[in-house]
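[1] Turn this into a structure:
(one chain, ligands or ions: 2)
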Amino acid sequence: MLSSDSSQMIGSSIVLSDKEQQVNDLLMNYKLKEYDEGFNNPGNFLPAVNFFKSKSKIEQSEVFNFIRKLPKGASLHSHDTASVSSEFLYNLTYSDNLYGCVTNERLQFHFFSESMVDNVCKWKLVEQLRQENSSFDDFLKTQLTIIVDDPVKVYPSINDVWSRFMQTFSTLSGLLTYRPVFQSYFYQALKELYEDNVMYLEFRGTLPDVYELNGTIYKAEEVVKLYIDTLQDFKRDYPNFHGARLIYAPSRNVDNETVDNYVVAATKLKELYPDFIAGFDLVGQEDLGKPLIQFIPQLLELAKTNIKFFFHAAETDWIGTSTDMNLFDAVLLNTTRIGHGFGITKHPQILQEVKSRSIAIEISPISNQVLKLVDDLRNHPGAFLIASGYPVVITCDDPSFWGAKALSYDWYMAFMGLSSRESDLKLLKQLAMNSLIYSAMDEEEKSDTFIEWEKQWNQFLEDILKKDVFMKYFGCCSVNNIK
Ligand SMILES: O=c1[nH]cnc2c1ncn2[C@@H]1O[C@H](CO)[C@@H](O)[C@H]1O
Ligand SMILES: [Zn+2]
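    Residues are numbered from 1 along each chain as shown. Ligands and ions are numbered 1, 2, ... in the order given. Next up, the predicted model:
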């Protein structure tokens with residue numbers, strides 16, 4: 001029974017090479033030490049603690065530092081304006097020509113040239129706001145993320161945390177949709193992934209209007225071009241980075257007529273940029289927005305084109321509600337992957353369908369914890385999906401908003417919180433391969449990328465073993481430590 005049970009886990013069919021086995025021994029040394037320490041002192045087990053509190057401790061974990069070095073393949077679910085580290089975001093607030101204004105206790109940003117400041121708000125240069133009031137900067141920092149000291153108190157329900165979450169998107173809008181910032185932000189998002197050993201990105205974007213100081217506005221089609229140009233710049237600077245694609249993902253909290261317009265826009269974008277546009281999704285808090293069933297005629301129209309669907313579905317704790325039913329519509333509409341799918345384990349029929357049709361579930365553990373679906377990540381439904389070999393990819397959703405960076409924090413949670421004490425390098429290797437297998441790349445591109453990834457993987461094994469030999473002979477970090 002034991003072997004039948006563990007043979008169903010993701011990665012269980014992998015046979016490790018000798019080199020991989022040596023690296024695995026090291027990894028499991030780190031993992032078991034940390035895991036068993038948690039078993040003995042449950043209050044210290046990091047996946048059980050709110051991420052706002054656990055983050056700095058995760059950064060000291062040897063498992064986490066191992067995962068950071070591991071070539072993780074692709075990042076398949078993140079959002080346009082919640083991608084970069086909060087440090088980078090904060091530094092953007094020192095940009096020239098940036099104005100701020102506070103309405104209803106929320107900060108708004110906008111760039112203006114001096115002669116063109118509008119009257120929509122009582123704008124002042126952010127530089128001036130900082131000079132006038134010594135506590136302004138602390139206030140500004142609270143506006144860039146949803147991090148708070150006491151999340152249980154500040155966010156009693158999911159609607160409270162989502163309200164703050166949406167306000168944060170709104171605060172950042174005027175800062176990030178200024179064309180030079182828009183491009184440097186995307187460049188930085190790619191850079192942080194690259195530095196986290198991620199080689200390819202598929203991200204959701206709403207394609208907001210982007211502006212210049214002289215009043216020029218770029219509409220969706222031109223905004224896509226801005227992404228493509230930035231991607232090209234990035235690939236020129238970092239030729240080992242494979243690439244990126246956009247999933248056009250506007251708000252679901254709209255009427256039918258707006259979705260008619262989405263269909264027209266998505267079709268046009270796919271025609272103009274067939275390679276860069278991966279597909280379509282609808283975003284926003286599912287419990288408060290419209291369910292997919294409301295837009296079936298439009299979505300069927302879109303399905304006639306070669307646009308793939310990547311629907312967010314059942315990002316919820318409720319069973320049998322419209323949010324939960326989105327799983328059925330997503331599968332019936334032949335979705336390529338499912339964003340979150342948090343409710344899936346309550347639906348045996350959907351479980352069968354996703355397995356037989358190879359529809360990957362994009363699991364974002366930290367997002368689900370911070371946005372109040374589950375407190376202790378050992379109770380995340382993804383634990384069942386991983387243990388039973390469902391098609392799963394690990395994703396990061398909105399790392400910027402909770403102080404995470406790129407993908408490794410979520411991989412850490414998947415490895416320590418959502419999988420068995422026994423799960424090892426085989427799981428991590430399969431998760432990396434899954435991220436390429438379930439990407440929107442065509443078969444030829446997938447196999448090219450896979451070859452690139454394997455090179456990185458072999459280099460990673462070499463690097464880990466070299467470091468291990470070094471540690472054995474030199475103790476820690478300096479030749480003075482030779483024993
Ligand atoms: O986890 C999520 N579920 C649904 N929608 C989300 C999530 N994270 C971000 N957004 C949505 O994405 C838009 C920016 O691309 C935001 O406006 C937000 O509504
Ligand atoms: Zn999302």
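[2] in the protein, which helix has the most residues?
    If you go by DSSP state H, the chain has its longest helix at helix 443-474.
[3] Residue numbers of the stretch 1-150 of the chain in contact with ligand 1?
    Near ligand 1, the residues belonging to the stretch 1-150 of the chain are His79, Asp80, Thr81 when assessed by C-beta under 6 Å from any ligand atom. Every residue, glycine included, has its C-beta placed from N, CA and C.
[4] at 5 Å instead, please
    Within the stretch 1-150 of the chain, the residues that sit near ligand 1 (C-beta under 5 Å from any ligand atom) are His79, Asp80.
[5] can you map out the helices along the stretch 1-150 of the chain?
    Remark: helices assigned in the stretch 1-150 of the chain by DSSP state H, counting those that start in this stretch are 2-6, 18-40, 51-58, 62-69, 86-92, 126-132, 136-144.
[6] Now mean neighbour count and mean pLDDT too, for those, in JSON lines please.
    Shown next, in JSON lines, are those (neighbours: other C-beta atoms under 10 Å; pLDDT from 0 to 100):
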{"stretch": "helix 2-6", "mean neighbour count": "9", "mean pLDDT": "97"}
{"stretch": "helix 18-40", "mean neighbour count": "15", "mean pLDDT": "98"}
{"stretch": "helix 51-58", "mean neighbour count": "17", "mean pLDDT": "98"}
{"stretch": "helix 62-69", "mean neighbour count": "19", "mean pLDDT": "98"}
{"stretch": "helix 86-92", "mean neighbour count": "16", "mean pLDDT": "98"}
{"stretch": "helix 126-132", "mean neighbour count": "16", "mean pLDDT": "98"}
{"stretch": "helix 136-144", "mean neighbour count": "16", "mean pLDDT": "98"}
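[7] quick one, phi psi at Ser61?
    phi -80, psi 140 (degrees, to the nearest 10).
[8] hang on, the earlier thing: JSON lines please, covering the helices of the stretch 1-150 of the chain and showing distance to Asp196.
    JSON lines is the format used below for those (distance: least, C-beta to C-beta, whole Å):
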{"stretch": "helix 2-6", "distance to Asp196": "29"}
{"stretch": "helix 18-40", "distance to Asp196": "17"}
{"stretch": "helix 51-58", "distance to Asp196": "14"}
{"stretch": "helix 62-69", "distance to Asp196": "6"}
{"stretch": "helix 86-92", "distance to Asp196": "14"}
{"stretch": "helix 126-132", "distance to Asp196": "30"}
{"stretch": "helix 136-144", "distance to Asp196": "20"}
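[9] what about Glu271, which helix or strand?
    helix 256-272 (DSSP states H and E).
[10] if I pick Val181, what's in contact with it?
    Counting by C-beta atoms under 8 Å, 6 or more residues apart in numbering, Val181 makes contact with Leu92, Ser95, Phe111, Leu175.
[11] Can you name the helix or strand that it falls in?
    In this assignment (DSSP H and E), Val181 forms part of helix 179-195.
[12] what comes up buried for that helix?
    Buried residues in helix 179-195, counted by 16 or more other C-beta atoms under 10 Å: 179, 181-194.
[13] Alpha carbons of that helix, as CSV, please.
    Taking Å, rounded to 0.1, in the frame of the first residue of the first chain, the C-alpha atoms of helix 179-195 are listed here in CSV:
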residue,chain,number,x,y,z
ARG,A,179,5.3,54.5,-20.6
PRO,A,180,8.9,54.6,-19.5
VAL,A,181,8.0,53.1,-16.1
PHE,A,182,5.7,50.6,-17.8
GLN,A,183,8.6,49.3,-19.9
SER,A,184,11.2,49.3,-17.1
TYR,A,185,8.7,47.5,-14.8
PHE,A,186,8.2,44.7,-17.3
TYR,A,187,12.0,44.5,-17.9
GLN,A,188,12.5,44.2,-14.1
ALA,A,189,9.8,41.5,-13.8
LEU,A,190,11.7,39.4,-16.4
LYS,A,191,15.0,40.1,-14.7
GLU,A,192,13.7,39.0,-11.3
LEU,A,193,12.5,35.7,-12.9
TYR,A,194,15.8,35.2,-14.7
GLU,A,195,17.7,35.8,-11.5
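[14] any idea of the mean pLDDT for that helix?
    For helix 179-195, mean pLDDT is 98.
[15] Quick one: work out the angle between it and helix 62-69.
    Angle of helix 179-195 versus helix 62-69, following axes from the mean of the first three to the mean of the last three C-alpha atoms, to 10 degrees, is 120 degrees.
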